[in-house]
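Engineer: Please work out how this folds:
(one chain, ligands or ions: 2)
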Amino acid sequence: MDDVSLEIPPGAVVALTGASGSGKSTLLHMIGAIEQVDAGTVTVDDLEITGLGRSALTRYRQRVGFVFQRYHLLPALTVLDNVIAPVLPRRGRADHAARARELLDAVGLTGRERALPAQLSGGQQQRVAIARALMGSPGLLLADEPTGNLDSATGGQILDLLLNLRDRHGMTILLATHERAIAARCDRLIRLGDGRIVEDVDLTDGEDPAATLQRAAGLRL
Ligand SMILES: Nc1ncnc2c1ncn2[C@@H]1O[C@H](COP(=O)(O)OP(=O)(O)O)[C@@H](O)[C@H]1O
Ligand SMILES: [Mg+2]
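Structural biologist: Ligands and ions are numbered 1, 2, ... in the order given. Here you go, the predicted structure:
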């Protein structure tokens, strides 16, 4: 990243776009405290995460949902256990299982709870990764091309789910995407080029589907 400065208000849904190699994943990893910054600061909810020690960082990561570009499911665990995994250290196994089933239903995977990741298609694994990221009811969701392996109808449904969670719980969402139809439904579009922000546009004008389509056609990703 080079000279990147941005502020995202709580509850915003932001599309992060830019060519492959432009730095989308790196930026998400830095905000999620998965990669360290060499210089500069990242502050989330008044907490400067770039200055935190190990145990404070672990607590911070538990509050953030992360959907990895390559899913990173645990191959030896079933779909259900993969979704539960992030909250395993916490009490209440039965409640966790019920919530995990709800989330799997929301991403369209009811009936696949006992499958292993290798038995699923890429798109199904991606949806497990999305359910897992939502398991801890995060206030911040960082999603790295979360619909990249889904057909456009399924991708649209996943975005419906995320927007619905934002509306109900005020979750803030930053998602990397190459898809116009996804980006056009976000509140804001930030485009990266060679590690810099080259465009930052507000997309919040009206809820009219026709306006969204028109906006999608005009977006440079
Ligand atoms: N851990 C790393 N250390 C050094 N360079 C990296 C690392 N991860 C990615 N890069 C480089 O940083 C640039 C941005 O990569 P990335 O964030 O993966 O882009 P995008 O997600 O937009 O495709 C690329 O040139 C990539 O090779
Ligand atoms: Mg990437």
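Engineer: Next up, the contacts around the closest residue in space to residue 101 that isn't next to it in sequence.
Structural biologist: Spatial nearest neighbour of residue 101, excluding adjacent residues (CB to CB, 6 or more residues apart in numbering): residue 113 at 6.7 Å. For every residue, glycine as well, the C-beta is placed using N, CA and C. With contact taken as CB atoms under 8 Å, 6 or more residues apart in numbering, residue 113 is in contact with 78-80, 100-101, 104.
Engineer: rerun at 7 Å
Structural biologist: Neighbouring residues of residue 113 by CB atoms under 7 Å, 6 or more residues apart in numbering: 78-80, 101, 104.
Engineer: Could you verify that it is part of a helix?
Structural biologist: No. Per DSSP: H, G, I helix; E, B strand; the rest coil, residue 113 lies outside any helix segment and is coil.
Engineer: what about it, distance to residue 150?
Structural biologist: Distance, residue 113 to residue 150, by CB to CB, to the nearest Å: 20 Å.
Engineer: next one: residue 118
Structural biologist: 19 Å.
Engineer: Which of the contacts of residue 113 fall in helices?
Structural biologist: Using DSSP state H, the members of these that fall in helices are 79-80, 101, 104.
Engineer: Save those as JSON lines, and put in neighbour count and pLDDT too.
Structural biologist: Formatted as JSON lines, the ones in helices among the contacts of residue 113 follow (neighbours: other CB atoms under 10 Å; pLDDT from 0 to 100):
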{"residue": "79", "neighbour count": "26", "pLDDT": "98"}
{"residue": "80", "neighbour count": "20", "pLDDT": "97"}
{"residue": "101", "neighbour count": "17", "pLDDT": "96"}
{"residue": "104", "neighbour count": "23", "pLDDT": "96"}
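Engineer: Max pairwise distance over those residues: which two?
Structural biologist: 79 and 101 (10.2 Å; CB to CB).
Engineer: Assign the most centrally placed residue in the chain to helix, strand or coil.
Structural biologist: With distances taken as CA atoms, centre = their mean, residue 143 lies nearest the centre of the chain, 2.1 Å away. Assigned by three-state DSSP, the conformation of residue 143 is strand.
Engineer: Please look at it and residue 172 and confirm they touch.
Structural biologist: No. Using CB atoms under 7 Å as the test, residue 143 is too far from residue 172 to be in contact (11.4 Å).
Engineer: Between residue 118 and residue 150, which is the more surrounded one?
Structural biologist: Taking other CB atoms under 10 Å, residue 118 and residue 150 do not tie; residue 150 has more neighbours (25 against 9).
Engineer: contacting residues around the residue of the chain found nearest ligand 2?
Structural biologist: Ligand 2 sits closest to residue 25 of the chain, with a gap of 3.2 Å, by CB to the ion. Contacts for residue 25 (CB under 7 Å, 6+ apart) come out as 69, 144, 176.
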